[in-house]
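Chemist: predicted model, plus sequence, below.
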Amino acid sequence: MTERQKEQLLQHVWPGRSPLFYVMLVVVLLLSFLGAHYSESGYRSYLIEFVIETEEPVQFDIYYDVGRGYNEVDRQSMEVEEVGSPVPVRFCIPVWTELEKIRFDPAREHAIMTIYSITIFYDEETTFQVPLETLEPQKDIIYSAYDGGKFTFETDPEGEDPIIVLNRISDKPIGSRWKEPSRYAVWMIGGLLCLLAGRFVLRYFFSGL
């Protein structure tokens with residue numbers, strides 16, 4: 001290929017002073033960014049199961065953050081009436097984006113409770129066993145202890161809103177799924193290559209842009 005042929009080929013691919021190309025470039029990069037952002041999104045539901053033992057009936061609440069922080073909409077509640085033996089407490093969490101954080105409010109009144117396991121079922125093949133030692137009491141918990149596979153705690157008799165946070169909800173650190181630059185880079189490079197290829201076809205074969 002001669003130098004002149006190389007220059008002509010470059011002219012077909014590179015935009016030069018074409019303002020339309022740069023407008024299209026911005027649009028393609030924006031669409032690629034949105035595609036990367038929402039590529040793993042979509043409606044799904046996760047099942048979370050607590051195996052607990054309580055000495056008194058309690059109202060057990062969970063709050064889940066799906067990008068809007070903790071609020072009264074993204075919340076579920078269950079009355080636990082069976083006492084004195086381990087009982088499973090299950091919640092089905094509907095989400096449209098990534099599940100970022102989970103906390104639970106174990107009781108509205110004074111309670112002594114033991115948690116034997118917390119399991120999150122992301123799908124039929126992906127489950128995560130929450131390490132109980134990573135549970136973090138944040139409010140109105142006067143005693144807590146992790147002892148060989150179980151987590152025992154007591155809520156404050158004068159407290160109004162005991163809170164315990166799950167610091168681990170997957171094998172990845174919380175929020176890491178939104179910090180994967182490689183996925184964004186692949187989408188944006190792919191979009192740019194498609195734009196250049198399209199420009200070449202239009203310019204070389206149809207005298208377009």
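Modeler: Looks like it came in fine.
Chemist: downstream of the helix or strand where R90 lies, the next helix or strand is which one?
Modeler: Assigning secondary structure by DSSP states H and E places R90 in strand 87-95. The helix or strand immediately downstream of strand 87-95 is strand 101-105, counting by DSSP H and E.
Chemist: that next one packs against which elements?
Modeler: Counting by 3 or more C-beta pairs under 8 Å, 6 or more residues apart in numbering; DSSP states H and E, the packing neighbours recorded for strand 101-105 are strand 58-65, strand 163-166. For the C-beta atoms, the positions are set from N, CA and C on the backbone; glycine is no exception.
Chemist: now that strand against strand 58-65, angle please.
Modeler: Between strand 101-105 and strand 58-65, the angle comes out at 160 degrees (axes from the mean of the first three to the mean of the last three C-alpha atoms, to 10 degrees).
Chemist: mean confidence score for strand 101-105?
Modeler: Averaged over strand 101-105, pLDDT sits at 94.
Chemist: adjacent strands (with direction) for it?
Modeler: strand 58-65 (antiparallel), strand 163-166 (antiparallel) (DSSP bridges).
Chemist: as JSON lines, these with mean neighbour count would be great.
Modeler: Converted to JSON lines, those look like this (neighbours: other C-beta atoms under 10 Å):
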{"stretch": "strand 58-65", "mean neighbour count": "20"}
{"stretch": "strand 163-166", "mean neighbour count": "20"}
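Chemist: can you put the ones you listed in a markdown table and add mean pLDDT and distance to H110?
Modeler: Shown next, in a markdown table, are the strands paired with strand 101-105 (pLDDT from 0 to 100; distance: least, C-beta to C-beta, whole Å):
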| stretch | mean pLDDT | distance to H110 |
| --- | --- | --- |
| strand 58-65 | 94 | 10 |
| strand 163-166 | 96 | 15 |
